[in-house]
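Novice: I need the structure of the sequence given here:
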Amino acid sequence: MKNIPVKPTVSTRENVDRWDGPSGQIFVEVKTTNSVRDVRGVFLALAYLISDEPSQNIAVCVLVGTRLSNQRLHEELTRFRQVVHPAIAKRIHCLLGTGDQREGLTFVGSINETPEGFIDWLAERVSSETLNEHLPQLPARQIVIAVLAQLLLWNEPPVTVKYLQEICRVSYPTVAAVLKDMHDKGGLEDSGKRGVRMRRLSTGEWMELARDHARQRKVFLFTDPTGQSLPEQLVKRLLHLQDAEKLGRSVRIGGVIGASSHFPKLDITAAPRLDLSVVIDPTQIAALLDAGLLQKTRPGQRVALAIHVTSYISAMTGRQSTSHGPWADELECLADLVEMGFTREATEMAQHMEMTNKKGSPTN
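Specialist: Alright, predicted model coming up:
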């Protein structure tokens, strides 16, 4: 397919995440293993990865749920550093996570001073990684499309296949297949050799994208038997928990409340429920917000809280500035409105997204 950069080297791995810090990027691979051989394999893969990165960037192997001790990990790291180039060796690190994930993990290892915010991000990242095998995830194809849509809304420049691999945490063949399909259907801009970008969408196309996104997400619905939990109260509780660092910032507010932040003219007087977009255990979040909330089991029960598991959020959170606040992305909010049956209001928001994006300014 034309306009797609050549396949990157082995420096990009599907299970490596990235944290953007003030002094550089930290690449992280989380591993749950008791095998020293596995640890050596991660060290080697991270060395390949970091060799293609600027000198200020580092890579970390994070071990959780393991019988290996911090001393054993340190010994393996020391041996590995002795056999690789010194310029690479000093940029490879290891951390051991111990403790209860619900109470908070503690990390020890070869990084003496971690940048502010990194450990909080890492603890949430580990929690998400551990739960990935139990929680339903968005199809990889939908993750790529959702990320491209959000980058379009932020009016970001074209991006490379390598970038999409890293931020979506999917394989090269997956990204290439999605881009080829979009290209064949006229869904990409002709941006030459600079990279790829989704073309601007019409109102109808945004609505169709939102419907498809809503269909592919998994939603967990919670009801309040007492009828006392109001959306506004749950929002206050959520923000309090985040300020107290008891709940991660990747938990984002969507639905009517989030949509109103992106589209202040939204014609809905009151939110019927609180919608959240998350990458971690929905039952844990519901329990933190209100211990009395119960998962919905019957059609007639009123929904107080809807939690959408959307695995690409953790990657996009790092791209957002603090000015974006606690709100879910526009596509998530639009999908929430569609899911709740607010078709007219969702169409008006989609029109706002189309017109604002055409002007070349962010939608919020």
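Novice: quickly find the element holding residue 235.
Specialist: helix 231-243 (DSSP states H and E).
Novice: what does residue 80 give?
Specialist: Under the assignment here (DSSP H and E), residue 80 is part of helix 70-83.
Novice: outside of the helix holding residue 235, which residues touch it?
Specialist: Helix 231-243 is contacted from outside by 247-249, 251, 253, 255-257, 270-274, 276, 288-290, 304-305, 326, using Cβ atoms under 8 Å, 6 or more residues apart in numbering. Placement of C-beta: from N, CA and C, glycine included.
Novice: and the next element down the chain from the helix holding residue 80?
Specialist: Assigned by DSSP H and E, the successor of helix 70-83 is helix 86-89.
Novice: flag every buried residue along that following helix.
Specialist: Across helix 86-89, burial judged by 16 or more other Cβ atoms under 10 Å covers 88, 89.
Novice: same thing with stretch 165-185?
Specialist: 165-170, 174-176, 178-179, 182-183.
Novice: next: stretch 194-204.
Specialist: Quick answer for stretch 194-204 (16+ other Cβ under 10 Å): 195, 196, 197, 198, 200, 201, 203.
Novice: give me the nearest residue to the first one, chain neighbours excluded.
Specialist: Nearest residue to residue 195 in three dimensions, chain neighbours excluded: residue 158, at 3.4 Å (Cβ to Cβ, 6 or more residues apart in numbering).
Novice: the fifth one now?
Specialist: Spatial nearest neighbour of residue 200, chain neighbours left out: residue 357 (5.7 Å); criterion: Cβ to Cβ, 6+ apart.
Novice: now the closest residue to residue 91 other than its chain neighbours: how far from residue 358?
Specialist: Closest residue to residue 91 apart from its sequence neighbours, by Cβ to Cβ, 6+ apart: residue 58 at 4.6 Å. Separation of residue 58 from residue 358 (Cβ to Cβ, to the nearest Å) stands at 41 Å.
Novice: low pLDDT regions in the stretch 201-350 of the chain?
Specialist: For the stretch 201-350 of the chain, applying pLDDT under 70 flags the ranges 311-324.
Novice: now do 90
Specialist: Low-confidence segments of the stretch 201-350 of the chain (pLDDT under 90): 216-218, 226-229, 241-251, 269, 278-284, 298-300, 309-326.
Novice: the helices in it, which residues?
Specialist: Along the stretch 201-350 of the chain, the segments classed as helices by DSSP state H, counting those that start in this stretch run 203-216, 231-243, 255-262, 282-289, 313-317, 330-340, 343-358.
Novice: need the winner for burial among these.
Specialist: Among the helices of the stretch 201-350 of the chain, helix 330-340 has the highest mean neighbour count (mean count of other Cβ atoms under 10 Å), at a mean of 27.
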